[in-house]
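Trainee: give me a model of this one.
(2 chains)
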Amino acid sequence: MQLIELFEESVSVLRTNKLRTALSALGIIIGIASVITLMTLGAASQKSVTERIQSLGANLLTVSPGSQQDRGDFLRSSGSGGTTLTYDDAEALATSQRITTVDKVAGVYSGNAQVSYGSENDNIQIAGITENYFELRNIELLTGQPITEQDNLLMRKVIIIGESMLEDLMEGVVNPVGETIRINGDTYTIIGVIEETESFGFQGNTAYIPLFTAQHILFGVDYVSQIYVGAKSEDIMEEAENQIGWFLLERHGLDTPDDADFSISSQEDILETVNEVTQTFTTLLTGIAAISLVVGGIGIMNIMLVTVTERTREIGIRKALGAKRRIIVVQFLIESVILTFTGGFAGVLLGLGISAILTKVMSLPSVVSFSSILISVVVSCVIGIVFGIYPAQKASRLQPIEALRYE
Amino acid sequence: MIEVKDVTKIYKNGVVETRALNGVSFKVEKGEFVSIIGPSGSGKSTLMHILGALDVPTSGEYVLNNTSVKKMDEDKLAEIRNKEIGFVFQAYNLLARNSSIKNVSLPMMYGDVPKKERYERAKKALFGVDLEDKLQNTPNQLSGGQKQRVAIARALIMNPSIILADEPTGNLPTNQSSEIMDIFDELNKKGHTIIVITHEDEIAARTKRVITLVDGKIISDKKGKHERIEHAID
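Mentor: Residues are numbered from 1 along each chain as shown, chains lettered A, B, ... in the order given. Predicted structure coming up:
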């Protein structure tokens, strides 16, 4: 007695009852489809975030005010936190002979201000930057000039705006360079427009002015909210982090890293944190979806129990003709596995379809995780066995006499 | 070849005990054509279950081809049913979804007969019961007599030692029922051992030996034609 024949038997049984077969597989279809969709979306958003963060430059270190314990805070606020870092720190990092690992340094202070053009006005994030900032952050100018050292030292009232600001505030202006806008009553001349790449929430709707202008004219502060440091190469990131760390500790008159009033993070650190977060969410959501698989499995068990009762007489006939218990068990198991397997397969296709649509709508990169497909198919077969074993056992235990008597 | 020795069967339904068979003993030799007759409740169905290895006796012994059925586990019993016994039931008990040829092939599937052999054998068996034009028909496309002939072909397919027929004509009109008995006659002439369980004297009259069962006991065991029919012939 071969498995193939039992398989053929089961297929013909399932075919005679198409609607029931489809409905009982539906639970598995939905369960697997949602698991696939969530896993794919999780992987896709992770990939997207990774790409964005890496586009910021792998050799970039960010020094933020505040203690080391607050590292994660950096992710939440790109703006002002503590007041412990100054432009002089940045300048020292850039010029000291003892710092050998650093290529370029940029200080930045950012805050919000009311910006107006003609009758339009809007509250916009203004970042005061030094001349190396654009290069370190991979920001490209569409037109015009960058902010220079000169602009900074002379506290010129010049501004570089983003595309979205151009569209919102200065609708219809074709060439904004040379136009003036007003911030807190002062007049600023637009010297450039940048492309907005939406790199992880930093540039969104930000306008850039010279750092000193921001500190001394616009906001009236003497500290910076971040110092960006470009290391000479990606391979010496750790060395650079240590060098900068110890250098700043000494400058601030502190003894141990535990006392540090600043924190240093690399893109790698951010990546790790973000990945952890996405991973947690993906796992959580997939877990919830997996519950629906269990529910689907119970549905299969239910329908198999009904089938066994309905086919009591058939089981009796088979046993009278010499079918052994094992064969009856295998026959019913195959039936439930076919149900869950086809359900799982349909679920995979459905899940891939849904995630293809969703990644497109959410403009995420498309990721097909073959491992998740494989896992889903295996899991659905396992569900078929786990939830099919009890009805199959029940069928095999039927006494042939009782079963034949059954009408 | 069949030996029933002091067989008792007691059914327990909670505290109530029903003694369906009470010390039944008889022998059937190869090539015999036996009917077991009795009113309903006489225990003939129970006896048929035991003879068919569908059930085991509470006490006593059932020996089939020199093996005692008492000591067998479920799988062994299944094998006996498959290889030694050909069942013909009152309600035909064909699988409704399957064609005649598939129904006849089923015991061969459980008996590990190679697949390519099965079709030819099943076809031959169906030819033997004059159903060569109904090979692909499902049971609901057949008359009662035709269904019972499919069942007989199925019973014969594994070359069993005994053919056990439980009220084989119970659901059939008279003309079809004598047709079925003709087939049994012919099979017996070819050397098959046949045991027919019935409550109809007319059916019993067509066998060569009649065992009468009342209240779980054999009250008569006569070779030759059934007496009431003999009177009728007289």
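Trainee: check for me that residue A:282 belongs to a helix.
Mentor: Yes. Counting by DSSP: H, G, I helix; E, B strand; the rest coil, residue A:282 is found in a helix.
Trainee: helices along chain A, start to end?
Mentor: Taking DSSP state H as the criterion, chain A carries its helices at A:3-16, A:18-55, A:73-76, A:87-95, A:133-136, A:149-153, A:163-169, A:211-212, A:237-251, A:267-310, A:312-320, A:325-361, A:370-397, A:400-405.
Trainee: buried ones in the last one, by neighbour count?
Mentor: It stands for helix A:400-405. A:400, A:401, A:403, A:404 (16 or more other Cβ atoms under 10 Å in any protein chain shown). The way it works is simple: take the backbone N, C-alpha and C, and place the C-beta from them, glycine included.
Trainee: tell me who's in contact with the residue of chain B found nearest chain A.
Mentor: With Cβ to the nearest Cβ as the measure, residue B:82 is the residue of chain B nearest to chain A, at 2.3 Å. Neighbour list for residue B:82: A:321, A:322, B:107, B:110, B:111, B:158 [criterion: Cβ atoms under 8 Å, 6 or more residues apart in numbering or on different chains].
Trainee: show the backbone phi and psi for the closest residue to the fifth one other than its chain neighbours.
Mentor: Think residue B:111. Of all residues not flanking residue B:111 in the chain, residue B:82 sits nearest, at 4.9 Å (Cβ to Cβ, 6 or more residues apart in numbering or on different chains). Per-residue torsions, residue B:82: phi -70, psi -40 (degrees, to the nearest 10).
Trainee: how about the closest residue to residue A:211 other than its chain neighbours, what does it touch?
Mentor: With Cβ to Cβ, 6+ apart as the criterion, residue A:211 has its nearest non-adjacent residue at 4.1 Å, and that residue is residue A:128. Contacts of residue A:128 were listed using Cβ under 8 Å, 6+ apart, and they are A:108-110, A:208-215, A:218-219.
Trainee: next, format those residues as CSV and append neighbour count.
Mentor: Output for the contacts of residue A:128, formatted as CSV (neighbours: other Cβ atoms under 10 Å in any protein chain shown):
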residue, neighbour count
A:108, 25
A:109, 27
A:110, 21
A:208, 27
A:209, 28
A:210, 27
A:211, 25
A:212, 19
A:213, 26
A:214, 27
A:215, 21
A:218, 20
A:219, 18
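Trainee: filter these down to the ones in strands?
Mentor: Here DSSP state E is the test, and those give A:108, A:109, A:110, A:208, A:209, A:210 as lying in strands.
Trainee: which single residue in chain A comes nearest to chain B?
Mentor: residue A:322 (2.3 Å).
Trainee: pretty sure that residue is touching residue B:84, no?
Mentor: No. Counting by Cβ atoms under 8 Å, residue A:322 does not reach residue B:84; the two are 9.6 Å apart.
Trainee: so for these two, which residue has more residues nearby?
Mentor: Of the pair residue A:322 and residue B:84, residue A:322 is the one with more neighbours under other Cβ atoms under 10 Å in any protein chain shown, namely 25 against 22.
Trainee: re the thing from before, tell me what the residue nearest to residue A:211 is bridged to.
Mentor: Residue A:128 forms beta bridges with residue A:109, residue A:209, as assigned by DSSP bridges.
Trainee: okay, now the domains of chain A?
Mentor: Domain ranges of chain A: A:3-51+A:273-405, A:107-231, per automatic domain parsing.
Trainee: what about the last one, how long is it end to end?
Mentor: Between the opening and closing residues of domain A:107-231 lies a distance of 15 Å (Cα to Cα, to the nearest Å).
Trainee: repeat that for the longest one.
Mentor: Domain A:3-51+A:273-405 has an end-to-end distance of 29 Å (Cα to Cα).
Trainee: which stretches of chain B have low pLDDT?
Mentor: Chain B contains residues with pLDDT under 70 at B:225-234.
Trainee: wait, isn't residue A:295 in contact with residue A:27?
Mentor: Yes. Judged on Cβ under 8 Å, residue A:295 makes contact with residue A:27 at a distance of 6.0 Å.
Trainee: what lies in contact with stretch B:156-163?
Mentor: Counting by Cβ under 8 Å, 6+ apart, A:322, B:1-2, B:28, B:30, B:51, B:64-65, B:82-86, B:88, B:104-105, B:107-108, B:111, B:121-122, B:125, B:128, B:152, B:155, B:184, B:187, B:192-195 sit against stretch B:156-163.
Trainee: likewise stretch B:132-142?
Mentor: With Cβ under 8 Å, 6+ apart as the test, stretch B:132-142 has contacts from B:92, B:94-101, B:103, B:123, B:126, B:146-147, B:150.
Trainee: can you rerun that using 7 Å?
Mentor: Residues from elsewhere that reach stretch B:132-142 (Cβ atoms under 7 Å, 6 or more residues apart in numbering or on different chains): B:92, B:94, B:96-101, B:123, B:126, B:146-147, B:150.
Trainee: closest to residue A:180 among the residues you listed?
Mentor: Checking these against residue A:180 by Cβ to Cβ gives residue B:97 as the nearest, at 86.5 Å.
Trainee: that closest one: how many residues sit nearby?
Mentor: 16.
Trainee: hmm, it is touching residue A:16, no?
Mentor: Yes. With contact defined as Cβ atoms under 7 Å, residue B:97 reaches residue A:16; the gap is 6.1 Å.
Trainee: helix or strand: which one has residue B:86?
Mentor: According to DSSP states H and E, residue B:86 maps onto strand B:85-88.
Trainee: by contact count, what packs against the helix or strand just after that strand?
Mentor: Sequence order places helix B:100-110 as the next helix or strand after strand B:85-88, per DSSP H and E. Counting contacts by 3 or more Cβ pairs under 7 Å, 6 or more residues apart in numbering or on different chains; DSSP states H and E, helix B:100-110 packs against helix B:115-128, helix B:144-156.
Trainee: so the closest residue in space to residue B:51 that isn't next to it in sequence, which state does it fall into?
Mentor: Among residues not flanking residue B:51 along the chain, residue B:164 sits closest, at 5.9 Å (Cβ to Cβ, 6+ apart). What three-state DSSP gives for residue B:164 is strand.
Trainee: tell me, how many residues neighbour residue B:164?
Mentor: By other Cβ under 10 Å, neighbour count at residue B:164 equals 26.
Trainee: for it, what are its contacts?
Mentor: Contacts of residue B:164 (Cβ under 7 Å, 6+ apart): B:48, B:51, B:52, B:85, B:86, B:87, B:195.
Trainee: among the residues you listed, who's most crowded?
Mentor: residue B:86 leads the contacts of residue B:164 on contacts (other Cβ under 10 Å) with 29 neighbours.
Trainee: quick one: contacts for it?
Mentor: Neighbouring residues of residue B:86 by Cβ under 7 Å, 6+ apart: B:155, B:156, B:158, B:160, B:163, B:164.
Trainee: who's in contact with the first one?
Mentor: Put plainly, it is residue B:155. B:86, B:87, B:88, B:163.
Trainee: ok, and the closest non-adjacent residue to residue B:125?
Mentor: Residue B:125 sits nearest to residue B:153 (Cβ to Cβ, 6+ apart), 4.0 Å away.
Trainee: distance check, residue A:172 against residue A:118.
Mentor: For residue A:172, the distance to residue A:118 (Cβ to Cβ, to the nearest Å) stands at 10 Å.
Trainee: please apply the same query to residue A:85.
Mentor: Spatial separation of residue A:85 from residue A:118 under the definition Cβ to Cβ is 37 Å.
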